[in-house]
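Q: Quick one: sequence plus predicted model below, questions after.
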Amino acid sequence: MRRIWLGLVAMTTVGAAPSYHGEVRPILERRCVGCHRTGEIGPMQFGSFAEVRPWAKSIRQAVAKGTMPPWHADSAKSVAFHNDRSLTAAEKKTLLDWVDAGAPEGKPGAATVSATPAGGWQLGKPDLIVRVPKMPIPASGTIQYTFLVTPTDLPEAKWMAAAEWKIDQRSVVHHINAFVRPKGSSYVADAPAGQFFVASKASRGARRPDEREADRRELLLGYEPGYRPIPWGEGRAKLLPKGADIVFEMHYTANGKALSDESELGIYFAKSAPKERVLTITPADSAFAIPPGDGNFPSSTGATLQRDLTLLSMQPHMHLRGKSYRITARYPDGRVENLIDVPKYDFNWQTTYFLAQPKSLPKGTVLECLAHFDNSPNNRFNPDPGQTVRWGDQSWEEMNIGFMEVVFPAAADPDVVTLSGTTRPGSAAPTR
Ligand code: HEC
């Protein structure tokens, strides 16, 4: 009798529901509080039981559907990423079991470790700070994708060992990309420096015949919520050419309060000449025309590597009709490897995916970027399923760009990759 009773106690303990203070709080702190705290982009705070409890049902829904935490790569079909935000299967189960058990509080334990971000620059004092001067953010409405050109006026070229964002109004900055624009570039060439503007299609799409992408612009650094600075690595640097400008491309979302944003980009110069150069390559397909109503329109582009190099990161880029994105490596020996698969692309999350292990790619490897667009009425973000959609800067136009950071010897010609141009599945040889 007595033995059976003990056995039952043991069983209930093993099957005990997780509690907030027991198992749940550490998961929220690790995976959610970075965005769900005061001043951050998450619309509600998850800092205490009282704050979390009313959201238990929505948390269950978001976690079960996989919409939270926001992370769009399918880990089973991608390489491992350093900045992977997704929940492990065990964490997911704990959160779901907790809500299903009535979201019990449990016994408060030791005081919470504060997840407040350290103020100031994480990598130390930058050598050069480039500022966004008071960008006005209205309380409501859609804010157009806004540009700003800031001259650096550097008298000589500089190697950058790292760059870091110091975001001012984290609650409204959805993403910012900073580009290096070399002197003489055709990219938004007619834009006045130091003034906010919405780029025209013509100025953004402009390019001189044979202008190389790296001479036109190079993605320096992206910001999105949850961002942490990741230096490029010992002995590696990006180039800031003499007289180059920094072009900011900013995506803000109104949050009910009028604000102004003065975010900053900090640049750290290399102490000595780097061994290796880091370059963001930009394979792009701009030749597509997506028919009205087409729910799964493919567009593919890519790069054939002209030398051995190392891949550090990938940032797939499409707009509101973006449906899915995949980047594969086709090796010279015929092997094909999925590098990233984003089955449900979300324009609102312009994630840079940093490889947990930088990947060596031999000369001759073809990096293929395959985008699919959904121009059907089933796509709830689709501004107009009745239009034929072509390349363009505005979110109701489309893009297929696979930004990738690659590394190669610093002395080598930066034109290390060749765009293989627009290829469509089933089409003949690539056209350039
Ligand atoms: C990288 C930032 C970020 C992280 C990390 C994050 N959230 Fe969110 N969360 C948001 C934003 C922003 C929204 C507002 C809706 C949107 O933009 O998608 C949101 C909305 C929500 C909502 C409202 C309902 C919904 O689905 O929109 C819930 C619930 C939620 N988050 C739960 C969580 C939980 C639980 C975690 C951790 C397991 C988490 N979030 C991690 C940014 C984040």
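A: Happy to help now that I have it. Numbering: from 1, shown residues only.

Q: What number of neighbouring residues does the residue in the stretch 251-400 of the chain that the ligand sits nearest to come out with?
A: The stretch 251-400 of the chain approaches the ligand most closely through Asn348 (6.0 Å), counting by C-beta to the nearest ligand atom. Any C-beta I mention is one placed from the backbone N, CA and C, and that applies to glycine too. By the criterion of other C-beta atoms under 10 Å, Asn348 has 12 neighbours.

Q: Also Ala89?
A: Neighbours of Ala89 (other C-beta under 10 Å): 8.

Q: Residues of the stretch 51-200 of the chain that sit close to the ligand?
A: Residues of the stretch 51-200 of the chain lying close to the ligand by C-beta under 6 Å from any ligand atom are 55, 58-59, 62-63, 67-70, 85, 87.

Q: how about a cut-off of 5 Å?
A: By C-beta under 5 Å from any ligand atom, the part of the stretch 51-200 of the chain that sits against the ligand consists of 58-59, 62, 67-69.

Q: Helices of this protein, residue ranges please.
A: With helices called from DSSP state H, the chain shows them at 2-14, 25-31, 49-52, 56-65, 89-100, 201-205, 213-216.

Q: Quickly, which of those bottoms out on average pLDDT?
A: Sorting the helices of the chain by mean pLDDT places helix 2-14 lowest, at a mean of 43.

Q: Compare the residues of the stretch 51-200 of the chain next to the ligand and tell me which has the most neighbours.
A: In terms of neighbour count, Ile59 stands highest of those at 23 neighbours, by other C-beta under 10 Å.

Q: Could you measure from that residue over to Glu105?
A: Distance from Ile59 to Glu105, counting by C-beta to C-beta, to the nearest Å: 15 Å.

Q: same deal with Glu164?
A: From Glu164 to Glu105 the distance is 38 Å (C-beta to C-beta).

Q: neighbour count winner among those two?
A: Glu164 (22 against 15).

Q: Name whatever forms a beta bridge with that one.
A: Here Glu164 sits in beta bridges with Gly266, going by DSSP bridges.

Q: where in this structure is pLDDT low?
A: 1-15, 110-119, 201-205, 418-432 (pLDDT under 70).

Q: Got the domain ranges for it?
A: Domain ranges of the chain: 2-77+84-100, 128-274, 280-419, per automatic domain parsing.

Q: what separates the shortest one from the chain centre, distance-wise?
A: Here the centre of domain 2-77+84-100 is set off from its chain's centre by 24 Å, with C-alpha atoms, centre = their mean, to the nearest Å.

Q: ok, the closest residue to the ligand within the stretch 201-350 of the chain to Pro70 distance?
A: Going by C-beta to the nearest ligand atom, the ligand is nearest to Gly226 of the stretch 201-350 of the chain, at 3.5 Å. Counting by C-beta to C-beta, the gap from Gly226 to Pro70 is 8 Å.

Q: list residues touching both of these two?
A: Common contacts of Gly226 and Pro70 (C-beta atoms under 8 Å, 6 or more residues apart in numbering): Arg85.

Q: which residues touch Pro383?
A: 320, 395-396.

Q: who does the nearest residue to Lys359 once chain neighbours are set aside bridge with?
A: Spatial nearest neighbour of Lys359, chain neighbours left out: Leu311 (4.6 Å); criterion: C-beta to C-beta, 6 or more residues apart in numbering. Here Leu311 sits in beta bridges with Lys359, Val406, as judged by DSSP bridges.

Q: Based on its surroundings, how many neighbours for Leu311?
A: 23.

Q: Ile340 is in contact with that one, correct?
A: No - applying C-beta atoms under 8 Å as the test, Leu311 and Ile340 come out as separate, 10.4 Å apart.

Q: residues contacting Val389?
A: 289-290, 321, 373, 375, 396-398.

Q: Give me the nearest residue to it, chain neighbours excluded.
A: Nearest non-adjacent residue to Val389, counting by C-beta to C-beta, 6+ apart: Ile290, 4.2 Å away.

Q: Was I right to think that neighbour contacts Asn296?
A: No - Ile290 is beyond contact range of Asn296, at 10.2 Å (criterion: C-beta under 8 Å).

Q: Quick check on these two: which one has the bigger neighbour count.
A: Ile290 (20 against 11).

Q: ok, now how distant is Lys359 from Asp261?
A: Distance from Lys359 to Asp261, by C-beta to C-beta: 35 Å.

Q: What residues are bridge-paired with Asp245?
A: Here Asp245, judged by DSSP bridges, has bridge partners Pro151, Arg181.

Q: I figured it was touching Asp153, is that so?
A: No - the criterion here is C-beta under 8 Å, and Asp245 misses it with Asp153 at 9.2 Å.

Q: what touches both of Ile290 and Asn296?
A: Common contacts of Ile290 and Asn296 (C-beta under 8 Å, 6+ apart): Phe373.

Q: Residue nearest the middle of this protein, spatially speaking?
A: Thr351 (1.5 Å; C-alpha atoms, centre = their mean).

Q: residues in contact with it?
A: Going by C-beta under 8 Å, 6+ apart, the list of residues near Thr351 reads 71-73, 224, 315.

Q: Could you rerun that using 10 Å?
A: 70-73, 81, 83, 85, 175, 222, 224-227, 313-316, 340, 342 (C-beta atoms under 10 Å, 6 or more residues apart in numbering).

Q: Over to Arg335?
A: Arg335 neighbours (C-beta under 10 Å, 6+ apart): 329, 365.

Q: Report the contact partners of the residue nearest to Val389.
A: Shown in contact with Ile290 (C-beta under 10 Å, 6+ apart): 297-299, 321, 373-375, 387-391, 397-398.

Q: Scan those and report the most crowded one.
A: Greatest neighbour count in the contacts of Ile290, by other C-beta under 10 Å, goes to Arg321: 30 neighbours.

Q: so what's that one up against?
A: Residues in contact with Arg321 (C-beta under 10 Å, 6+ apart) are 290, 294-295, 297, 345, 347, 371-376, 379, 381-385, 387, 389, 395-399.

Q: Beta-bridge partners for the residue nearest to it when sequence neighbours are not counted, please?
A: For Arg321, ignoring the flanking residues on the chain, the nearest one in space by C-beta to C-beta, 6+ apart is Phe373 at 4.4 Å. In this entry, Phe373 is beta-bridged to Phe297, Gly322, by DSSP bridges.

Q: For Phe373, give me its contacts.
A: 288, 290, 294-299, 318-324, 345, 379, 382, 389, 398, 400.
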